[in-house]
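J.: here's my sequence, what's the structure:
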Amino acid sequence: MDSNDSLNAFHKRHLLTSFKYVDDLLADVEAILFHTASKSPFPKYRGSLTPVQMKVVQDYIARIRAQMIHVLKSRGISPPEPQFRVIHSIKVNLEFADIAFDECRPAALRGYGDVPPSLIPELNGLVQEMKSLVRKLSIYVSQDQDLQARLQRLDRTGDEIELLKILERIIKERGLVEFRTTLSTILDRLESNGFQIAVFGRVSSGKSSLLNHIVEIDVLPVGVNPITAVPTRIVHGPQARLRVAYIDQKVEMLEIARLPEFVSEEFNPGNAKHVTRITVELPSRRLQDGVIFVDTPGLGSLATAGAAETMAYLPQCDLGVVLVDAGSTLTQEDLSTVQSLYEAAIPAFVLVSKADLLVPEDRARSVQYIAALINTQLGVKVPVHAISTRGADACLLDRWFAAEIQPLYERHQDLAQQSLRRKIGALREVVEAALNVRLEITGKGPMKDAEHLRKADAQLRKATGKFEEVNTWSLRASGEVRSLGWFGLTRAALDIAQQWTAKKVNATDPKKILLRNLEGIASEGANQIFERVQALARELSEALSTCASALGAQSAPREEDLTAAVQELPRLDPGPIEVTLRRNLFALFGKRFVKWRIEAKLRDQVGPAVDQAFERYGRMLESWSRRTLTELHRQFDAHADGYRAQIERMTGAGVAGPEEAASIRHDLDLIARVHSGQPVSSRVANE
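T.: So this is what the prediction gives:
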């Protein structure tokens, strides 16, 4: 082409900018088409186009764009590459949506006038409910979203794929979005073919030490607080290296020594680096291709998001190992972890870690006690073993590994398939339950009292809003407990003075009086928190029962199922305290003076130690409150999410008519036939 017929750089830039502007306008037209066809509660445009008109408009848009590309290429102009990742852009928008919902809290609304106190719980619940949905959507878009395409890729895997196809269609057509994450998790497991052994336990229970001993390399940092990041996977590899994946899909291969940069609160506070997956590859003789060990963030820490992340990961593993510190005892949190594993159809071991702290007789008693308690509380028989990673007692861990884990290596593929079938079976059961509830409600005829449903929904929302209220109150109350040491000394001094001035011959030892008063003061503060959290558990149970009744369902948890999570209230540990008071020095003075002098001596002798004890106790109560409320929230949401979805479907579209009822029965029959091994044609499966 002659140079006189060519566009210069400025011409090309203007042409490209103009075409890009036109493309933005066309995108706005597409948005208008999408908006008019959507079910937005805030419609922006009046009128609509017929399906034929919409198709013609879309065809013209495609034609204009194709012609623009042709013109640009003919002039040697290359369109720019995309600037932003789709998933990243969606997640950014969802973060703004999360902030917008935060601005709907009662505290934010006070700038527009006082909010009626009776509406504060419901408004808080509304915000929590919407933020929870946004968070779940954010998690979902981070996953592979084309579940149907993944199912087609996995068609060769086995008969269970046919059942998954049917479940995927039902979940999509019936709007059962609450089950999509579970379905995606199962597909992840289908594609990986690995057998995942996950280690769970409270902070400092010895998870990292156990895994370091198993792989015979000190690779996991010990003694650091876990962060809110994802669990750390340990796999076999030809050389030691670290693979870190980020939210923007970038993956880095790093030296193993850099692992603490991503798994410690010091270097990655609150997962500020946006890590989504951490994999440690090691050439350990105790690792084998296909077997994956997973170190999960510790439960029970102040970083409650880490505990939530661990519980969210739990359904993905194939075998759970729950560590219980020998220096502690079995807590409700440990029981909940074991229960969650079994509810997700995952077998488990319980290991009593740090068994070197116990003599052999005490080890045996501890193992028997824990096994019996789990059986009594949960009704399941879980294998319990005592293990250690220290000195000669490390042989306990080696024996357990050789007897229970090593034999799994040869059968890991079969075991992975068995685990997968259990997970699919669990999904089948909850989908069937959702369909049966829908049928049960449909069988009652047209909904005569929609207001009853709306009240039940509002009660759910108010109960959700109570979480923030109780959490704020508990944290404030825990803070007040930290400063109660002075009051305990004052009350103890008065108690001692009353006994001495009354001239009781057998007056109680001052140290015992002091400890009794300190424990009494601590118990008063702690019991207020306990009662407030337990009252919340009862209110949550009542809200779930009311909602289940309004829906005509029988799936609500019993009150004791929720109140059982409110246990194991910590006790004050004042530590070693020595008090030296001579009664005869105060014999001639009145009670007020005696009390003043005793209090002064107590402050001088044990004041700092008592203040530190209450400071520690306040932090323990704060941790207990966060941990217990997190567990309550998890149990509540497990039922409430399904109820909300059901109410939304019913109030949005009314009760299913005869045709939909027949369709639901067809789906239930189809699931039953595939589950029983009866052949089903692809045409029938997709109907």
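
J.: which residues touch the closest residue to residue 240 other than its chain neighbours?
T.: With sequence-adjacent residues excluded and distances taken as C-beta to C-beta, 6 or more residues apart in numbering, residue 240 is closest to residue 256, at 4.8 Å. C-beta here means a position set from N, CA and C on the backbone, and glycine is covered the same way. Going by C-beta atoms under 8 Å, 6 or more residues apart in numbering, residue 256 touches 219, 240-242, 280, 282.

J.: most neighbours, which of these?
T.: residue 280 (24 neighbours; other C-beta atoms under 10 Å).

J.: just list whatever residues bridge to that one.
T.: Beta-bridge partners for residue 280, by DSSP bridges, are residue 234, residue 242.

J.: quick one: it from residue 232, how far?
T.: The gap separating residue 280 from residue 232 is 6 Å, by C-beta to C-beta, to the nearest Å.

J.: so what sits against both of the two?
T.: Residues touching both residue 280 and residue 232 (C-beta under 8 Å, 6+ apart) are 220, 259.

J.: follow-up on the earlier one: look up how far residue 476 lies from the residue nearest to residue 240.
T.: 44 Å.

J.: what's the first helix or strand after the worst-scoring helix or strand of the chain on mean pLDDT?
T.: Lowest mean confidence among the helices and strands of the chain (mean pLDDT, DSSP states H and E): helix 147-153, at a mean of 44. Heading C-terminal from helix 147-153, the first helix or strand you meet, by DSSP states H and E, is helix 160-173.

J.: now stretch 475-483: how far from the chain's centre is it?
T.: 26 Å (C-alpha atoms, centre = their mean, to the nearest Å).

J.: for that stretch, which positions count as buried?
T.: Across stretch 475-483, burial judged by 16 or more other C-beta atoms under 10 Å covers 475, 477-478, 481-482.

J.: between the helix or strand where residue 669 lies and helix 160-173, what angle do the directions make?
T.: Assigned by DSSP H and E, residue 669 belongs to helix 658-675. Counting by axes from the mean of the first three to the mean of the last three C-alpha atoms, to 10 degrees, helix 658-675 lies at 160 degrees to helix 160-173.

J.: mind listing what's buried along helix 658-675?
T.: 663-664, 667-668, 670-671, 673-675.

J.: show me what it is packed against.
T.: helix 160-173, helix 412-442, helix 682-685 (3 or more C-beta pairs under 8 Å, 6 or more residues apart in numbering; DSSP states H and E).

J.: any idea which of those helices is most buried?
T.: Neighbour counts (mean count of other C-beta atoms under 10 Å) averaged over each of the helices and strands packed on helix 658-675 peak at helix 160-173, with a mean of 19.

J.: picking that back up, adding secondary structure, pLDDT and distance to residue 498, write the buried residues of stretch 475-483 out as TSV.
T.: Formatted as TSV, the buried residues of stretch 475-483 follow (DSSP: H, G, I helix; E, B strand; the rest coil; pLDDT from 0 to 100; distance: C-beta to C-beta, whole Å):
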residue	secondary structure	pLDDT	distance to residue 498
475	helix	85	35
477	helix	90	29
478	helix	88	31
481	helix	88	25
482	helix	87	28
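
J.: for residue 396, state which of those is nearest.
T.: residue 478 (37.7 Å; C-beta to C-beta).

J.: any idea how far the closest one lies from residue 596?
T.: Taking C-beta to C-beta, one finds residue 478 at 31 Å from residue 596.

J.: ok, now residue 16?
T.: Distance of residue 16 to residue 596, given as C-beta to C-beta: 87 Å.

J.: what's the neighbour count on residue 190?
T.: A count of nearby residues for residue 190, using other C-beta under 10 Å, gives 22.

J.: pull out the buried positions in the host helix or strand of it.
T.: Following DSSP H and E, one finds residue 190 within helix 180-192. Buried residues in helix 180-192, counted by 16+ other C-beta under 10 Å: 180, 182-187, 189-190.

J.: how about JSON lines for those, with distance to residue 418 and pLDDT added?
T.: Shown next, in JSON lines, are these (distance: C-beta to C-beta, whole Å; pLDDT from 0 to 100):
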{"residue": "180", "distance to residue 418": "24", "pLDDT": "75"}
{"residue": "182", "distance to residue 418": "18", "pLDDT": "76"}
{"residue": "183", "distance to residue 418": "19", "pLDDT": "79"}
{"residue": "184", "distance to residue 418": "21", "pLDDT": "76"}
{"residue": "185", "distance to residue 418": "16", "pLDDT": "74"}
{"residue": "186", "distance to residue 418": "14", "pLDDT": "78"}
{"residue": "187", "distance to residue 418": "17", "pLDDT": "76"}
{"residue": "189", "distance to residue 418": "12", "pLDDT": "71"}
{"residue": "190", "distance to residue 418": "13", "pLDDT": "72"}
